[in-house]
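>>> Based on what follows, work out the 3D shape:
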Amino acid sequence: MPLDPLRLGAWSTRTTHPFYLARWEELLRALDLADRVENRYRFKTKGQMLDEVAHRGFVERAVPTTISCSSISKARWDGHAPGHCGYCVPCLIRRAAETRAYGREPTAYVGLPQLNGRVDPRTSIGEHIRAFDYMAERLRQKPEITGTLVRKPGPLMDYTPDDIQAYTGVFAEGIREVGRALRGVRATAI
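Purely as a prediction, here's the structure:
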């Protein structure tokens with residue numbers, strides 16, 4: 001979802017948005033290539049998935065070898081080897097998932113190694129943290145808006161009211177999950 005008024009749409013999850021998946025399934029059916037496309041994890045946050053995975057030990061060991069960062073090469077501008085920046089939207093969601101599932105972060109983050117202290121919201125590091133803070137506060141003040149917010153990136157006309165309610169729930173839980181991981185960080189002018 002757009003986390004704040006400065007964002008025009010979903011950033012990192014467009015290809016798993018329910019509207020996109022419904023259109024993809026429609027195309028495959030029209031081409032007679034598939035009956036159904038199903039995202040079995042559509043109602044789970046990343047943290048819930050990591051927490052509930054069957055082969056937990058294997059996945060925990062493998063997590064550091066996977067990539068979530070939206071631009072792993074941006075670290076080179078600060079003289080670091082390519083790696084997870086730690087502050088883009090996918091990295092913040094990943095960090096929250098790791099913290100929820102393991103109580104720690106198995107992944108090394110080069111741009112923002114620790115989630116504590118203050119970050120300047122006018123910088124690229126602070127921008128995304130501020131956006132999550134903004135959304136978390138909006139949902140705390142008006143939890144009833146989640147039903148509207150889940151429709152902002154795309155319509156949900158292909159889904160039942162129960163599905164839409166579940167999407168609303170996973171969105172709210174995802175924001176809470178990231179919010180818990182960001183408790184030690186404040187996006188305030190330094």
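>>> How many residues are close by residue 98?
Residue 98 is flanked by 22 other residues according to other C-beta atoms under 10 Å. Any C-beta I mention is one placed from the backbone N, CA and C, and that applies to glycine too.
>>> is it true that residue 94 touches residue 87?
No. If you go by C-beta atoms under 8 Å, residue 94 and residue 87 don't touch, sitting 11.0 Å apart.
>>> wouldn't residue 130 be in contact with residue 121 here?
Yes. Taking contacts as C-beta under 8 Å, residue 130 lies within contact range of residue 121: 3.8 Å.
>>> out of residue 94 and residue 87, which sits in the more crowded spot?
Ranked by neighbour count (other C-beta under 10 Å), residue 94 and residue 87 place residue 94 first, with 26 against 23.
>>> residues touching that one, list them.
46, 68, 69, 84, 107 (C-beta atoms under 8 Å, 6 or more residues apart in numbering).
>>> The helix or strand where it lies: how far from the chain's middle?
Element membership for residue 94 (DSSP states H and E) is helix 89-102. Distance of helix 89-102 from its chain centroid, counting by C-alpha atoms, centre = their mean, to the nearest Å, is 8 Å.
>>> How about stretch 36-53?
The answer for stretch 36-53 is 12 Å, by C-alpha atoms, centre = their mean.
>>> Repeat that for stretch 128-142.
14 Å.
>>> can you point me to the longest helix in this structure?
In the chain, taking DSSP state H as the definition, the longest helix is helix 161-181.
>>> which of the residues in that one are buried?
164, 166-168, 170-172, 174-179, 181 (16 or more other C-beta atoms under 10 Å).
>>> Helix or strand: which one has the residue located most distally from the centre of the chain?
Ranked by distance from the centre of the chain (C-alpha atoms, centre = their mean), the top residue is residue 32, with 32.7 Å. Counting by DSSP H and E, there is no helix or strand that carries residue 32.
>>> Toward the C-terminus, what is the element adjacent to the helix holding residue 94?
With DSSP H and E, the next secondary element past helix 89-102 is strand 117-119.
>>> what angle do the helix or strand just after that following strand and helix 89-102 make?
Once the chain leaves strand 117-119, the next helix or strand it forms, by DSSP H and E, is helix 124-141. Going by axes from the mean of the first three to the mean of the last three C-alpha atoms, to 10 degrees, helix 124-141 is angled at 60 degrees with respect to helix 89-102.
>>> could you say what helices and strands helix 124-141 packs with?
helix 89-102, strand 117-119, helix 161-181, strand 185-187 (3 or more C-beta pairs under 8 Å, 6 or more residues apart in numbering; DSSP states H and E).
>>> Could you save the ones you listed as JSON lines and add columns showing distance to residue 20?
What follows is those, written out as JSON lines (distance: least, C-beta to C-beta, whole Å):
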{"stretch": "helix 89-102", "distance to residue 20": "17"}
{"stretch": "strand 117-119", "distance to residue 20": "32"}
{"stretch": "helix 161-181", "distance to residue 20": "13"}
{"stretch": "strand 185-187", "distance to residue 20": "30"}
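>>> can you list these in CSV and add mean pLDDT and distance to residue 74?
Formatted as CSV, the helices and strands packed on helix 124-141 follow (pLDDT from 0 to 100; distance: least, C-beta to C-beta, whole Å):
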stretch, mean pLDDT, distance to residue 74
helix 89-102, 94, 11
strand 117-119, 89, 16
helix 161-181, 95, 20
strand 185-187, 85, 19
